[in-house]
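J.: Just to be clear, the model below is a prediction. Sequence and coordinates:
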Amino acid sequence: MQVARVIPCLDVTDGRVVKGVRFVDLIDAGDPVELARRYAAEGADEITFLDITASSDGRNTMLDVVERCAEEVFVPLTVGGGVRSVEDARSLLRAGAEKIGVNSAAVANPRLIEDIASEFGSQCVVVAIDVRRTRDRFEVFTHGGRSATGIDALAWVEQVCTLGAGELLVTSMDRDGTREGYDVDLLARISEVSTVSLIASGGVGGVEDLVKGITQGHADAVLAASIFHLQEATIQQAKDALTRAGLVVRPAIAPK
Amino acid sequence: MILIVDYGIGNLRSAEKALQYSGAQASLIADPERVTEATGIVLPGVGSFGRCVEALDASQWRKPLLEAIGRGVPFLGICVGFQMLYEGSDESPDHEGLGLIPARVHRLVGAPRLPQIQWNRLKVAKPSTLFPDGIDEQWMYFVHSFAAPVTPETSSTTHYGQTFTASVEFSNVMGVQFHPEKSGIQGLELLARFAQRVEAP
């Protein structure tokens, strides 16, 4: 049985949630741990932290956030952003992350995927791929979508699957922030060549976009940020929409 | 004290935190001689079967674990810690498991994607400590490419490509293919049931 997963994503810098969080009833809506706890209680299947901190001080702050999260949030936590080495991965896993997201550093040095997978297992390696449509193809971009690489996204997917990726997190940089929905054509093409689970990302404007990510994009999991942070949709509503479309989800558990 | 076997494999912090959160007194222990202090034992495990077996033997845990299990100490294996209850695994054919269940772990067949990385629903096969009679629908988080066949020891199953064992229970031995420490409230409740069994065998 394939079970669709719903994953809220939090952008974190210097230990604080960066953008667009509008939970009026949270004591500290900027605290990633508090938000993660909230989403987990609402039935989120996993939580993703994207560390957009530049400084090394900030990276230690992130480890602290992950450690605090591991004390009280008992669903899988993926942490990505700025992971450059096996040692970076080790620190995050030791702090309590379940999975590590690698992106730009893996494009620069594909062996990083292999190294992390052989050290800790493929299951903890999420390869994040940022894609833009350029002329007649899908191209991999890095550094938050700013740098073109000339690499064909479908070829890169095949390569990272071979290198030991456990999952793919594919973000359409054309759609990211637009609220126009996922690029389902991109997702469907990637799903076809991928041997591992695909997490859809970029462009969600409503719960029906999550449904399309799976029914049309053939993703295994759907990731979104602002619709949850702005309380436009709850995890429950996301799962209800997926269920109405005939998909299987883990029932959202009411907060205790 | 519930002893979490610290044999140099992966991140055991989440198992420790989840047990403590469930109200259990649990400690990571690296020294096999301290097995005598244990009223319950948890054996986690991530990565490959072979690597876990090697680590278990290199840290000299195999014999003390088997002896403790023989004395009736409640035991819970998680993920590869569960798989090691079997004779071996096709993942690492040259490595011997603990051999407490006469069967082998094999690669999942018919699965749409490997590894299975998702939540899945359990089907309870027999009432047990971990899944007592009348328990609600159970959803747990799985991460694996290899799985154990259904045998008389099986207490619950699930389906991904094929039906396989999600948990086992026989005498004082329990094992789960999924990760209760990552399975939200239901996972914590399962750990609490194990802890209760430890306190009141």
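T.: Sure thing, it's come through. A quick note: this is a predicted structure, and the numbers were derived from the prediction, not measured.
J.: buried stuff in stretch A:86-103?
T.: Of the residues in stretch A:86-103, those scored as buried under the neighbour-count criterion (16 or more other CB atoms under 10 Å in any protein chain shown) are A:88-89, A:91-103. C-beta here means a position set from N, CA and C on the backbone, and glycine is covered the same way.
J.: For it, the averaged confidence score.
T.: When pLDDT is averaged along stretch A:86-103, the result is 94.
J.: Now do the end-to-end distance for that stretch.
T.: Using CA to CA, to the nearest Å, the span of stretch A:86-103 from its first residue to its last is 13 Å.
J.: Check whether it comes into contact with chain B.
T.: Yes. Applying CB under 8 Å from any CB of the partner chain, one finds that stretch A:86-103 is in contact with chain B at A:93-96, A:98.
J.: What is the most widely separated pair among those residues?
T.: Using CB to CB, the residues of stretch A:86-103 next to chain B reach their maximum pairwise distance at A:R94 and A:E98, which is 12.0 Å.
J.: The stretch 1-150 of chain A: strands as residue ranges?
T.: Under the criterion DSSP state E, counting those that start in this stretch, strands of the stretch 1-150 of chain A are mapped to A:5-13, A:16-17, A:47-51, A:77-80, A:99-102, A:125-134, A:137-142, A:147-152.
J.: any residues in contact with both of A:R94 and A:E98?
T.: Here A:R94 and A:E98 have no joint contacts, going by CB atoms under 8 Å, 6 or more residues apart in numbering or on different chains.
J.: Convert the C-alpha atoms of stretch B:79-93 to CSV, please.
T.: Extracted C-alpha coordinates of stretch B:79-93, given in CSV (Å, rounded to 0.1, in the frame of the first residue of the first chain):
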residue,chain,number,x,y,z
CYS,B,79,14.2,-2.1,12.7
VAL,B,80,17.6,-3.9,12.0
GLY,B,81,17.6,-4.7,15.7
PHE,B,82,14.4,-6.6,15.0
GLN,B,83,15.8,-8.2,11.8
MET,B,84,18.8,-9.5,13.8
LEU,B,85,16.3,-11.8,15.7
TYR,B,86,16.3,-14.0,12.5
GLU,B,87,18.9,-16.4,11.3
GLY,B,88,20.2,-14.0,8.7
SER,B,89,19.3,-11.6,5.9
ASP,B,90,19.7,-11.7,2.1
GLU,B,91,21.1,-8.1,2.5
SER,B,92,24.3,-9.6,4.0
PRO,B,93,24.3,-13.3,3.4
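J.: helices and strands of chain B: which one bottoms out on pLDDT?
T.: Sorted by mean pLDDT, DSSP states H and E, the helices and strands of chain B end with helix B:13-21, the least confident at a mean of 92.
J.: Could you tell me which residues make contact with residue 152?
T.: No chain was given, so I picked chain A. Under the criterion of CB under 8 Å, 6+ apart, the contact partners of A:D152 comprise A:137-140.
J.: other chain: chain B
T.: With contacts taken as CB under 8 Å, 6+ apart, B:P152 has the following neighbours: B:F170.
J.: Where does it sit: helix, strand or coil?
T.: In the three-state summary, B:P152 is assigned as coil, counting by DSSP: H, G, I helix; E, B strand; the rest coil.
J.: how close does it get to B:P32?
T.: The span separating B:P152 from B:P32 equals 30 Å under the rule CB to CB, to the nearest Å.
J.: longest strand anywhere in chain B?
T.: Selection of the longest strand in chain B by residue count, based on DSSP state E, yields strand B:162-170.
J.: can you list contacts of the next helix or strand after it?
T.: Of the helices and strands lying after strand B:162-170 in sequence (DSSP states H and E), the nearest is strand B:173-176. By CB under 8 Å, 6+ apart, the residues outside strand B:173-176 that reach it are B:69, B:74-79, B:81-82, B:85, B:100, B:128-130, B:140, B:155, B:166-169, B:190, B:194.
J.: And stretch B:64-78, by the same measure?
T.: For stretch B:64-78, contacts defined as CB under 8 Å, 6+ apart pick out B:5, B:15, B:32-33, B:35, B:38-45, B:56, B:83-85, B:98, B:100, B:171-176, B:179-181, B:194, B:197-198, B:201.
J.: in the chain, which ranges drop under the pLDDT threshold?
T.: I'll assume chain A. Applying pLDDT under 70 to chain A flags residues A:19-29, A:54-58, A:253-256.
J.: wrong one, I was asking about chain B
T.: When residues are selected by pLDDT under 70, those of chain B lie in B:201.
J.: Output the longest helix belonging to it in PDB, but only the C-alpha positions, please.
T.: In chain B, ranked by residue count with DSSP state H as the criterion, the top helix is helix B:184-199. The C-alpha coordinates for helix B:184-199 follow below in PDB (Å, rounded to 0.1, in the frame of the first residue of the first chain):
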ATOM      1  CA  GLY B 184       4.100   9.900  16.800                       C
ATOM      2  CA  ILE B 185       1.600   9.300  19.600                       C
ATOM      3  CA  GLN B 186       0.900   5.700  18.600                       C
ATOM      4  CA  GLY B 187       4.600   4.900  18.600                       C
ATOM      5  CA  LEU B 188       5.100   6.500  22.100                       C
ATOM      6  CA  GLU B 189       2.100   4.400  23.300                       C
ATOM      7  CA  LEU B 190       3.700   1.200  22.000                       C
ATOM      8  CA  LEU B 191       6.900   2.100  23.900                       C
ATOM      9  CA  ALA B 192       4.900   2.700  27.000                       C
ATOM     10  CA  ARG B 193       3.300  -0.700  26.700                       C
ATOM     11  CA  PHE B 194       6.700  -2.300  26.400                       C
ATOM     12  CA  ALA B 195       7.900  -0.300  29.500                       C
ATOM     13  CA  GLN B 196       4.800  -1.500  31.400                       C
ATOM     14  CA  ARG B 197       5.700  -5.100  30.600                       C
ATOM     15  CA  VAL B 198       9.200  -4.500  31.900                       C
ATOM     16  CA  GLU B 199       7.800  -3.100  35.200                       C
END
